[in-house]
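**Q** sequence below, structure please.
(one chain, ligands or ions: 1)
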Amino acid sequence: PAAVIVAIDGPSGTGKSSTSKAVAAKLGLSYLDTGAQYRAITWWMLTNGVDTADAAAVATASAKPAIVSGTDPSAPTITVDGVDASGPIRTQEVTSKVSAVSAVPEVRTRITELQREIAAGAPEGIVVEGRDIGTTVLPDADLKIFLTASPEARAARRSGETKGADVNATKEALIKRDAADSGRKTSPLAKAADAVEVDTTDLTLDQVIECVVTLVEEKR
Ligand code: C5P
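**A** Numbers count the residues shown, from 1 in each chain. As a prediction, this is how the structure comes out:
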């Protein structure tokens, strides 16, 4: 079959990453975590003394780091200037700064280019997860999924992932980040008009995976 391009968007805590990796592995497709790329560029800014609140400084520096994503769904990797960044990009500090960095147009242009190159180079096809994949990065994707879930369910999932995290604090941080991502001018978090919306609030991860696999198979 021809290469199939699947775009999976939605706010944090909807099961995007777990679903996307599992669907890609089941169907023999590549996988790209675009949030990891925005986290990686944010981590580079923080470690190189760039003030992440200064959009002009972020724009100027945005071309500097070399960001390379490995697309094997069973072992996705990300390096920044040749250094493995998979651990450091998940810290609270990066999480709290990433929305400001990813709102800078120069950052989005640069990362979007990388994303399109990776998708075009995936022989069997690829599952790409993010916020603006169906709307901006890959508007011609074969299948677009928009995952949602109640704020309570999303916070509970996220605090389950983070040791010792308080559910209420997690919920507030999530809501704040989603509001910033949805409210930015350039390529905000949004459901594409032709995306299939899946509310995962009352579904198990396996049910969501099964649902998306079926939708992909219908397109192949
Ligand atoms: O998916 P994850 O929570 O790791 O994404 C981190 C952040 O990266 C998001 O909160 C958002 O600011 C940014 N992002 C984006 N566009 C994407 C993917 C992520 O702006 N396609």
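**Q** CA only for contacts and neighbour counts going forward, please
**A** Will do.
**Q** could you point out which element follows the least confident helix or strand in the chain by mean pLDDT?
**A** Ranked by mean pLDDT, DSSP states H and E, the weakest helix or strand in the chain is helix 151-161, scoring a mean of 88. On the C-terminal side of helix 151-161, the closest following helix or strand by DSSP states H and E is helix 167-183.
**Q** please point out which parts of the least confident helix or strand of the chain sit buried.
**A** With burial defined by 16 or more other Cα atoms under 10 Å, the residues of helix 151-161 counted as buried are P151, A153, R154, A155, A156, R157, R158, S159.
**Q** hey, where'd the strands end up in this protein?
**A** Assigned by DSSP state E, the strands in the chain fall at 4-9, 30-33, 67-70, 77-80, 83-84, 125-130, 143-148, 196-199.
**Q** to E113, which of these lies closest?
**A** Of all the strands of the chain, strand 67-70 sits nearest to E113, with 11.7 Å by Cα to Cα.
**Q** quick one on the thing from earlier: want to throw the strands of the chain into a markdown table with distance to the ligand, mean neighbour count and mean pLDDT?
**A** A markdown table is the format used below for these (distance: least, Cα to the nearest ligand atom, whole Å; neighbours: other Cα atoms under 10 Å; pLDDT from 0 to 100):
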| stretch | distance to the ligand | mean neighbour count | mean pLDDT |
| --- | --- | --- | --- |
| strand 4-9 | 8 | 26 | 98 |
| strand 30-33 | 7 | 27 | 98 |
| strand 67-70 | 14 | 18 | 98 |
| strand 77-80 | 12 | 18 | 98 |
| strand 83-84 | 16 | 12 | 98 |
| strand 125-130 | 4 | 27 | 98 |
| strand 143-148 | 12 | 24 | 98 |
| strand 196-199 | 17 | 16 | 98 |
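**Q** a markdown table for those, including distance to G164?
**A** Below are those laid out as a markdown table (distance: least, Cα to Cα, whole Å):
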| stretch | distance to G164 |
| --- | --- |
| strand 4-9 | 28 |
| strand 30-33 | 25 |
| strand 67-70 | 29 |
| strand 77-80 | 26 |
| strand 83-84 | 25 |
| strand 125-130 | 26 |
| strand 143-148 | 25 |
| strand 196-199 | 27 |
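**Q** the ligand contacts on this structure?
**A** With the criterion set to Cα under 6 Å from any ligand atom, the chain comes near the ligand through 12, 34-36, 38-39, 98-99, 102, 130-133, 177, 181.
**Q** which of those residues has the most neighbours?
**A** Counting neighbours by other Cα atoms under 10 Å, I133 leads those with 29 neighbours.
**Q** where's the closest residue to that residue other than its chain neighbours relative to V23, distance?
**A** Using Cα to Cα, 6 or more residues apart in numbering and skipping the chain neighbours, the partner closest in space to I133 is A7 (5.7 Å). Using Cα to Cα, to the nearest Å, A7 is found at 12 Å from V23.
**Q** OK, contacts around the nearest residue to D142 once chain neighbours are set aside?
**A** Excluding its sequence neighbours, the residue lying closest to D142 (Cα to Cα, 6+ apart) is I5, at 5.3 Å. I5 makes contacts with A119, G125, I126, V127, V128, A141, D142, L143, as judged by Cα atoms under 8 Å, 6 or more residues apart in numbering.
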